[in-house]
Every structure is written in structure tokens, then in C-alpha cells.
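In: only the shape, not the letters, is given here:
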């Protein structure tokens, strides 16, 4: 199988999928071309998915890997309250996996892309000993309205979507966690409600809330009554990664509804004045023990 | 060294570098935020740089790898005649290389970024057995003015910047090729001159010209008198990759000057009517033998 032939197949799959009219040129040129609309900001994120780090070829099909690679990036777009527009996909695979694995990967990715109106606009293809994917996503948001990590203020309430610890539990049981579902609709709804800050929970609540507090220059007090996924331990809930729920703050005057876009919204704490980045749980300092790629 | 500490250092390096005012938010949030101007199109490209495929740790310093990773993506922006704006950098490295290697990589990358006014706006950082970098670049171009591969017409003259085969020659001698210099200024000047099509020469003239002809639905006739780098063979000139010069076509009425942005411009052939993608050299069909990642 030659590269040109594989790229032609990917291009055919991409062209059969979603095509945003703002993508003037997709796969097939040196660059993709995008035409912005007036009064919009664009948000961008890139995320790696690495074999034997984020998945294995024994436990994950090509489709799973394609789905997961896009889902991780879309989760970052959800955190900003943005609407996804397009993605660029860089994929390296061992030659032995061949064209059918590549096709499976793009089918998994494009099936999720179709759900959220994401156009596959370009990327790179290479051969390597292991599977590596790096997905860059672009989303749009009304000018000046993106949800930032840095907007939390003392007195704000801390909320999250869904429950904690499901991925860590699955991992502990040697099971594959379900492919994450990016919280796009919830993110857009929460942005419109006027939350003060937000991010996605990818590396564990303790580390991610620490990061949000660091960017906002505040402390946080977590409630003891957290929404924990069935079977998960408190430790898995506090420090387990890959939950891909949204973590948010809102001033006490904003009343968030109990459910948004089909997801339960739970108040899990309060932002306080104090040492930037410090998180307390049951009145004691909570160490940021979430997933660190270099520990 | 913890991930958070490494990211803080990268952020400090990035903030000491170029900062385009259109980047509303850079490193430190879930996404970078970019505010487009009216009447501009944005172009996007992603390119992998993989250890033991594009470089080795024995022959390339961390700075070389950082420079090369950005240069490959910038070369695609040059091919569209666009002005670079920002980049996202996904980097995976073995833990043993440590923070000093990461710093060297970003210093090499940011020194090239400074030269072409590129803002480092975000990315990803992970640990892996080998060094992997995937750089996504965004450039701007006046609306509808990007140079495409698909615009070549029968009768157009084929041109290129610089010379062919220098990288293939260096490789044959077991030397490291010089870090490529992206042809940004030449690309912008050629776009303003109204070339009909263009791309960058990354995988070898025979394969890249084949691709341009395929996208334009035309054939090409190469002249026997090609600009060949000192010491390089005709085979290296025709099929060697990584030259990162620009390949262009222009109607015969356009007179291109002999030099643009300090680079020699040479006419190397003519676009002809014929089987889409077919390239002739000395009246004989030329096989597209350039670099194929899956051969």
C-alpha cells in the first residue's frame, strides 16, 4: 500500500463526512484553508494519543483509537464552551497494521466527527514502530465569550457535570474505559449561562482543580459529598484521570439547573481567597496527585 | 521534573518570544484563543517529526530537532503564499532526556519562530520511548488568494526556487542536512505576482510534481537543464526529498524575475494537456519515485 493510495482513501472518507462550508479547501493541498466569520473567536487544541500509554492494540480496536483521539481534543473545545468546526489528524502507524487499520481508525474518528459536525480538514500520515495520533481541533465561540480557567473568584460555587472515577475504576479492573463522550452541548449551554471559569477533567479532580485555582489566583474548598461513579473509590474519584467531565465555577447569584444537556450538574465546592492553587478537602490540604505524564 | 513545572518553563519561554496580538490566550488554558481579522483566510497544516525517521539523537541536537519540526510546517505555509501566525506543538520525549532537552528543543523552535513572527500558542506534552513532535501551524492570507496545487493550466511554465538534491546528497554522505529554511518571503512575493499553482518540495520533485499535476488535472514536461545543488546527482535531484524549495506554475504572460526574496527562480518545465499526474523528463514518462512513507 502506497502513501498516496492511503491518503486518497482517507480523503474519500473525509469527503463523504461532514463538510463545513467555511473549509474552503480540505485534504489534498499543502494546507487546509478556513474562512472565519465576523465576530467569532477561534479556539485551538492539540492532544496526543500514544500506543501503550493511552491504549493498547490488544484492548482497543482501530475504531476505538480513532474515536478516543478525537474525543480527547473535543473535550478541550467543550471546556471553552465552543462549537467544534474542524480537525487536523496526524497519524503514525507500523506498516504491518496496513490500510484496513487506518480505515478503521478514520471510521471511528469520523463517526464521532459526524455527531458533532467536525470536518476532517487535513493532517499528516507516517510510518512508525507504534501507533501515534495527534489531533488538533478548532472550535468557534462568540467573540470574547470563551470559558477560561482564569475567571474564578472567591465566593464562586464549584460545579461539575456527571460523576468521578469511572475511568480509574475500569482501569483498576483491567477493563477498557468507555470511549469518552465530549461534553460539547453542556459546554455551550454552560457558557451561555455565564459561568465564571471552567476546564475539562482529564488528569484527575485534585490536579485539575489545582490548575484552575492556580490560573485564577484562588483557593478551593471541596465538599465531602462528591458525585462518585458506581463502584469507584473516593481515591479514584479525587485523583483518577480521563473522566472528561467539565469542571466549572459560577457566582452564587447564578443558579445552575440540576441537569444540562442530559447531564447532572452537582455543586462540589466553593472558591475561596487564599494561596493560589491550594485545594482543601474536609478542611485539609488536598495534594494534587492526578495523572502527571512525567512522574 | 514534573509536567506542571516543565509546562511552566515552556510557557515562560513562549511568553518571552513573539506574541501576536490576535492570540487572545496562549499556553495555560484548555485551548489557545485566536481572533481573526476581517477579509483573511486562515491556512492550517500539521507535520510529524519522528526520531530515527526524520532525525537521530546522535546526529541532531535538541535545538536542531525543534528548528526542523517548525521548519517543516512553515514550509507548507510558504507553499500557500501565507504569512505565519501561530503554532501548536505536541512533543513526546523519553523521561531520561529530561528538562534540558525540552528546553533545547523549544529554544531551537522559538528562534526560528522569532524570525518569522510565529507565536507558540499551545500544544501537548507527553512521555514516550522516542522523541515525537507534531507541529500545527496557522498562517493568514488575503481572502481567496492562497496558492493552490489545483490551479495549473496547460501552457503554464513550471518554476522552482533554489536548487535540487542537497538534502539527498547530504544523506548519501551520512551527513546531517542543514535545517531547512522555510521559503516564507518567497511564497508571499510569488503569491502577489499571481502564480497559478504551487506546493513545497518535501518528498522529491518527481513525486511532488506528479501530485501537483494530479490536483490540477494536467501533465508536465520537465526540462533537462535542472538547477542541481553542488555535488548532487541527477537522480538525487529528481527523486531526493526534503529540499523544501517551492515548486510553482505561472501563465506564460507572467514574467517571473530571476531572483525573489534572495532566491534564484528557475524555469524547469511546462504544463501540458494530458493524463492527469503524468510527468515527462526528456520526452519519457518519469516515475514518481520520491519519498513514500509507506513503501
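Out: Noted; the coordinates are in hand. Remember, it's a predicted structure, so these values are computed and weren't measured experimentally.
In: all helices of chain A, in order?
Out: Counting by DSSP state H, residue ranges of the helices within chain A are A:3-16, A:62-79, A:98-115, A:166-172, A:184-193, A:205-216, A:234-239.
In: please identify the most buried of these.
Out: Mean neighbours per residue, mean count of other C-beta atoms under 10 Å in any protein chain shown, is largest over these for helix A:62-79, with a mean of 27. C-beta coordinates here come from the backbone N, C-alpha and C atoms, glycine included.
In: distance-wise, check residue A:15 relative to residue A:35.
Out: Counting by C-beta to C-beta, to the nearest Å, the separation of residue A:15 from residue A:35 is 18 Å.
In: hmm, I typed the wrong one, I wanted residue A:135.
Out: Taking C-beta to C-beta as the measure, residue A:135 falls 22 Å from residue A:35.
In: also residue A:77?
Out: Using C-beta to C-beta, we find residue A:77 at a distance of 19 Å from residue A:35.
In: so who does residue A:198 touch?
Out: Contact analysis of residue A:198 by C-beta atoms under 8 Å, 6 or more residues apart in numbering or on different chains lists A:79-81, A:147-149, A:187, A:190, A:212, A:246-249.
In: okay, it: pLDDT?
Out: Residue A:198 is assigned a pLDDT of 98 by the prediction.
In: please apply the same query to residue A:293.
Out: The per-residue confidence score, pLDDT, reads 62 for residue A:293.
In: ditto for residue A:288
Out: The predicted local confidence for residue A:288 comes out at a pLDDT of 87.
In: which residues does residue A:154 contact?
Out: Under the criterion of C-beta under 8 Å, 6+ apart, the contact partners of residue A:154 comprise A:218, A:271, A:272, A:273.
In: out of those, which is nearest to chain B?
Out: For chain B, the nearest member of those is residue A:218. The distance, counting by C-beta to the nearest C-beta, is 15.2 Å.
In: apart from its chain neighbours, what residue comes closest to residue A:42?
Out: When the adjacent residues along the chain are set aside, residue A:42 lies closest to residue B:34, with 4.7 Å between them (C-beta to C-beta, 6 or more residues apart in numbering or on different chains).
In: need the contacts of residue A:198 in a markdown table (columns: distance to residue B:278 and pLDDT).
Out: Rendered in a markdown table, the data for those read as follows (distance: C-beta to C-beta, whole Å; pLDDT from 0 to 100):
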| residue | distance to residue B:278 | pLDDT |
| --- | --- | --- |
| A:79 | 49 | 98 |
| A:80 | 47 | 98 |
| A:81 | 50 | 98 |
| A:147 | 53 | 98 |
| A:148 | 53 | 98 |
| A:149 | 54 | 98 |
| A:187 | 50 | 98 |
| A:190 | 55 | 98 |
| A:212 | 58 | 97 |
| A:246 | 53 | 98 |
| A:247 | 57 | 98 |
| A:248 | 58 | 98 |
| A:249 | 61 | 98 |
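In: now do the contacts for residue A:254.
Out: For residue A:254, the set of contacting residues under the criterion of C-beta under 8 Å, 6+ apart consists of A:193, A:194, A:195.
In: was I right to think the last one contacts residue A:246?
Out: No - between residue A:195 and residue A:246 there is no contact, the gap being 9.1 Å when judged by C-beta atoms under 8 Å.
In: so where's chain A uncertain?
Out: Residues of chain A that meet the criterion pLDDT under 70 lie in A:1, A:177-178, A:290-295.
In: give the bridge partners for residue A:135, please.
Out: Using DSSP bridges, the beta-bridge partners of residue A:135 come out as residue A:47, residue A:89.
In: wait, it touches residue A:73, no?
Out: Yes - shown here, residue A:135 and residue A:73 form a contact pair, counting by C-beta under 8 Å, at 4.5 Å.
In: any shared contact partners between those two?
Out: Common neighbours of residue A:135 and residue A:73 (C-beta under 8 Å, 6+ apart) are A:46, A:47, A:87.
In: can you pick the most crowded of these?
Out: Within the shared contacts of residue A:135 and residue A:73, residue A:87 tops the neighbour count with 30 neighbours, counted by other C-beta atoms under 10 Å in any protein chain shown.
In: contact partners for that residue?
Out: Contacts here follow C-beta under 8 Å, 6+ apart; on that basis residue A:87 touches A:70, A:73, A:113, A:118, A:119, A:120, A:121, A:123, A:135, A:136, A:137, A:138.
In: so who does the first one touch?
Out: Shown in contact with residue A:70 (C-beta under 8 Å, 6+ apart): A:87, A:89, A:109, A:112, A:113, A:118, A:135, A:137.
In: among those residues, which one lies nearest to residue B:265?
Out: Nearest to residue B:265, judged by C-beta to C-beta, of the contacts of residue A:70 is residue A:89 at 34.6 Å.
In: quick one: neighbours of the closest one, just the number.
Out: Taking other C-beta under 10 Å as the neighbour definition, residue A:89 ends up with a count of 29.
In: list the contacts for it?
Out: For residue A:89, the contacting residues are A:69, A:70, A:106, A:109, A:120, A:122, A:123, A:133, A:134, A:135, A:136, B:46, taking C-beta under 8 Å, 6+ apart as the criterion.
In: what do you get for residue A:51?
Out: A:57, A:130, A:131, A:132.
In: let's see 10 Å
Out: Applying C-beta atoms under 10 Å, 6 or more residues apart in numbering or on different chains, we find residue A:51 in contact with A:57, A:60, A:65, A:92-94, A:128-133, B:128-129.
In: just the contacts of residue A:198 now: which is nearest chain B?
Out: Comparing those against chain B with C-beta to the nearest C-beta picks out residue A:79 as the nearest, at 4.0 Å.
In: what sits against that closest one?
Out: With contact taken as C-beta under 10 Å, 6+ apart, residue A:79 is in contact with A:43, A:45, A:139, A:146-149, A:182-183, A:187, A:190-191, A:198-202, A:208, A:244, A:246-248, B:29-31.
In: which ones among the residues you listed map onto strands?
Out: The subset of the contacts of residue A:79 located in strands under the criterion DSSP state E comprises A:43, A:45, A:139, A:198, A:199, A:200, A:246, A:247, A:248.
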